[in-house]
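> sequence first, predicted model second:
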Amino acid sequence: MASVEQHETGSASGTMTAVQQLGGAFGVAILGTVFFGLLGGGIATAVDHHSDGLRRQLTAAHVAPAAQDRVVADLRTCASDRAVAKDPATTPASCAALEKDTRSVITSPQDGARIPAALQSTATSAFKGGFGSVMKTVLWIVDGMLVLTFLLAFLLPRQARPEESAGH
């Protein structure tokens, strides 16, 4: 602003403010896109991390190992699809498949309560863990952008340009 002529300071100030707001809007849009792009994979990975506990609960509910593999894979796909769904009110096809496979492995009324509870518990833990993991990744990206901005600030001139002669 120091190098702007006196009669143009209002325009320069308005332009600078508009560019800052535009940059902020683009920054939020880019970070939101990155976050939601990583979310499905982050939650699927979190389901993988919780799958051993789910398998133990399914074994206690007398679910065969092959059926366990199918239910865990269905849960992984359903959780990922649910996280990236455009419309949260609709049920993804993978979640309908999970419900179908879950009903097919239930062998007793007790298992009918234990298996859905185990799936719900695992899904809740996976969503929390996946969301936290993706949020940490996005925050590291923000940290990198802040460091880059700090370093780029050193490229700015240290002093205002000298005044030019009045007869330009």
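The structure has been received and is ready for your questions.
> contacts for stretch 63-77, please.
Under the criterion CB atoms under 8 Å, 6 or more residues apart in numbering, residues 44, 47-48, 51, 54-55, 58-59, 94, 97-98, 101-102, 104-105, 111, 115, 119, 122-123 lie in contact with stretch 63-77. Quick note: C-beta positions are derived from backbone N, CA and C, even for glycine.
> one more: stretch 115-125?
46-47, 50-51, 53-54, 57-58, 61, 63, 71, 75, 78-79, 98, 102, 105-106.
> so which of the residues you listed sit within strands?
Nothing among the contacts of stretch 115-125 maps onto strands, per DSSP state E.
> of those residues, buried ones?
46-47, 50-51, 54, 57-58, 61, 63, 71, 75, 78-79, 98, 102, 105-106 (16 or more other CB atoms under 10 Å).
> mind listing which of those residues are in helices?
Among the buried ones among the contacts of stretch 115-125, DSSP state H puts 46-47, 50-51, 54, 57-58, 71, 75, 78-79, 98, 102, 105 in helices.
> format those as TSV; extra columns: pLDDT and distance to residue 15.
TSV is the format used below for those (pLDDT from 0 to 100; distance: CB to CB, whole Å):
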residue	pLDDT	distance to residue 15
46	96	45
47	96	49
50	96	51
51	95	54
54	96	56
57	94	61
58	94	62
71	96	58
75	97	52
78	96	49
79	96	46
98	95	54
102	93	59
105	91	64
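> is it possible to get JSON lines of these that adds distance to residue 20?
Formatted as JSON lines, those follow (distance: CB to CB, whole Å):
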{"residue": "46", "distance to residue 20": "37"}
{"residue": "47", "distance to residue 20": "41"}
{"residue": "50", "distance to residue 20": "43"}
{"residue": "51", "distance to residue 20": "46"}
{"residue": "54", "distance to residue 20": "48"}
{"residue": "57", "distance to residue 20": "52"}
{"residue": "58", "distance to residue 20": "54"}
{"residue": "71", "distance to residue 20": "51"}
{"residue": "75", "distance to residue 20": "45"}
{"residue": "78", "distance to residue 20": "42"}
{"residue": "79", "distance to residue 20": "39"}
{"residue": "98", "distance to residue 20": "47"}
{"residue": "102", "distance to residue 20": "52"}
{"residue": "105", "distance to residue 20": "57"}
